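*Asks:* Return a 3D structure for these sequence lines:
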Amino acid sequence: MKNREVILSTRSLGKYFYAPIKFKVLDGISFEAYKGEFLTLVGKSGSGKSTLLYCLSTMDTSYEGELFINNEIITGRKINELAALRNRSIGFIFQFHYLLPEFTCLKNVMIPALKLGKYSYKEVEERAYNKLEILGIKDQALKPAAKLSGGQQQRVAIARALINDPAIIMCDEPTGNLDSKNSQIVFDIFKQIAHEFGQTIIAVTHDNDFSRNSDRTIELADGKIISHGKKLNDVF
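*Replies:* Reported below is the predicted structural model:
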């Protein structure tokens, strides 16, 4: 991939926990993520990968160093600015889908776009149907989320994360509660999102197959990057 576009980067990012004692959980983290890249963060429990993801997501702002998104410095921004940035530019997918069980799948997917206020209700509805179709569950749109299987619910959560066409999708153990078949479905969806739609995936995972087949892995240990895995030139 020539002239790779940097979508997110960090410079000497560090973070402390203070209970029960002062402890440095992230230590001098510097890396770049690129447009259309499927990047996984790996490491043993306690390595700092989930803490790093939450700093990258702007939901945790108590860190040292600098965070850049779209070549703009994010560190030091006000809370309301960060909230607007997240809704506009970052999608979130978690191990648990966090759907509203009494709402239909369609309504769950629509929520972030209605909050954004960029489109009319009808346009949001059309966009939601489109995302559900991409994920192969348009036929489930009007069912309550609680009536779906775990794999289907996770796909609804992915559609919700995609509704505003964010530049970056951040995922915390997105296949942690799924069987191997549904994990493969989610993996294939992520690959399509990155390579066909040019959106960047940054995913924390313990799933070795998931990380091995992503474009690049960054491995952490004791709060430091110890490996950048595959070289980008090998995969783009």
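*Asks:* quick one: buried residues of the helix or strand hosting residue 88?
*Replies:* Residue 88 is part of helix 79-89 when elements are defined by DSSP states H and E. By 16 or more other C-beta atoms under 10 Å, the buried positions in helix 79-89 come out as 82, 85, 86, 87, 89. Quick note: C-beta positions are derived from backbone N, CA and C, even for glycine.
*Asks:* secondary structure class for the closest residue to residue 96 other than its chain neighbours?
*Replies:* Take residue 96 and drop its neighbours on the chain: the residue closest to it by C-beta to C-beta, 6 or more residues apart in numbering is residue 177, 6.8 Å away. Here residue 177 is recorded as coil under DSSP: H, G, I helix; E, B strand; the rest coil.
*Asks:* Can you read off the backbone torsions of residue 177?
*Replies:* Phi and psi for residue 177, reported as degrees, to the nearest 10, are phi -110, psi 10.
*Asks:* Distance-wise, check it relative to residue 108.
*Replies:* 17 Å (C-beta to C-beta, to the nearest Å).
*Asks:* Tell me which of these two has more neighbours.
*Replies:* The neighbour comparison of residue 177 against residue 108 (other C-beta atoms under 10 Å) goes to residue 108, with 26 against 16.
*Asks:* Tell me who's in contact with the residue nearest to the more buried one when sequence neighbours are not counted.
*Replies:* The spatial neighbour of residue 108 that comes closest, neighbours along the chain excluded (C-beta to C-beta, 6+ apart), is residue 99 at 4.8 Å. Residues counted as contacts of residue 99 (C-beta atoms under 8 Å, 6 or more residues apart in numbering) are 105, 108, 145, 153, 156, 157, 160.
*Asks:* between those residues, which is nearest residue 127?
*Replies:* residue 160 (11.2 Å; C-beta to C-beta).
*Asks:* per-residue pLDDT, that closest one?
*Replies:* Listed pLDDT for residue 160 reads 93.
*Asks:* helices and strands around whichever strand or helix holds residue 225, which ones?
*Replies:* Element membership for residue 225, per DSSP H and E: strand 224-227. Using 3 or more C-beta pairs under 8 Å, 6 or more residues apart in numbering; DSSP states H and E as the contact test, the elements touching strand 224-227 are strand 23-34, strand 216-221.
*Asks:* where exactly do the helices run in this structure?
*Replies:* Under the criterion DSSP state H, helices of the chain are mapped to 49-56, 79-89, 105-116, 121-134, 150-162, 180-197, 208-212, 232-235.
*Asks:* The fifth one versus helix 105-116: what angle between them?
*Replies:* Translated: helix 150-162. Helix 150-162 and helix 105-116 are oriented at 20 degrees to each other (axes from the mean of the first three to the mean of the last three C-alpha atoms, to 10 degrees).
*Asks:* outside of helix 150-162, which residues touch it?
*Replies:* By C-beta under 8 Å, 6+ apart, helix 150-162 touches 91-94, 97-99, 105, 108-109, 111-112, 128, 131-132, 134-137, 140, 145, 148, 169, 174, 177-179, 181-182, 185-186, 189, 193, 199.
*Asks:* and stretch 4-19, C-alpha only, in PDB?
*Replies:* Output of stretch 4-19 as PDB, limited to C-alpha atoms (Å, rounded to 0.1, in the frame of the first residue of the first chain):
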ATOM      1  CA  ARG A   4      -0.300   5.000   3.600                       C
ATOM      2  CA  GLU A   5      -2.500   7.500   5.300                       C
ATOM      3  CA  VAL A   6      -2.000   7.700   9.100                       C
ATOM      4  CA  ILE A   7      -5.400   7.800  10.800                       C
ATOM      5  CA  LEU A   8      -4.300   7.500  14.400                       C
ATOM      6  CA  SER A   9      -1.000   7.900  16.200                       C
ATOM      7  CA  THR A  10       0.500   8.100  19.700                       C
ATOM      8  CA  ARG A  11       3.700   9.700  21.000                       C
ATOM      9  CA  SER A  12       5.200   8.400  24.300                       C
ATOM     10  CA  LEU A  13       1.800   7.600  25.700                       C
ATOM     11  CA  GLY A  14       2.000   6.600  29.400                       C
ATOM     12  CA  LYS A  15      -0.500   5.900  32.200                       C
ATOM     13  CA  TYR A  16      -0.400   5.200  35.900                       C
ATOM     14  CA  PHE A  17      -2.800   3.400  38.200                       C
ATOM     15  CA  TYR A  18      -2.800   4.600  41.800                       C
ATOM     16  CA  ALA A  19      -4.600   1.900  43.700                       C
END
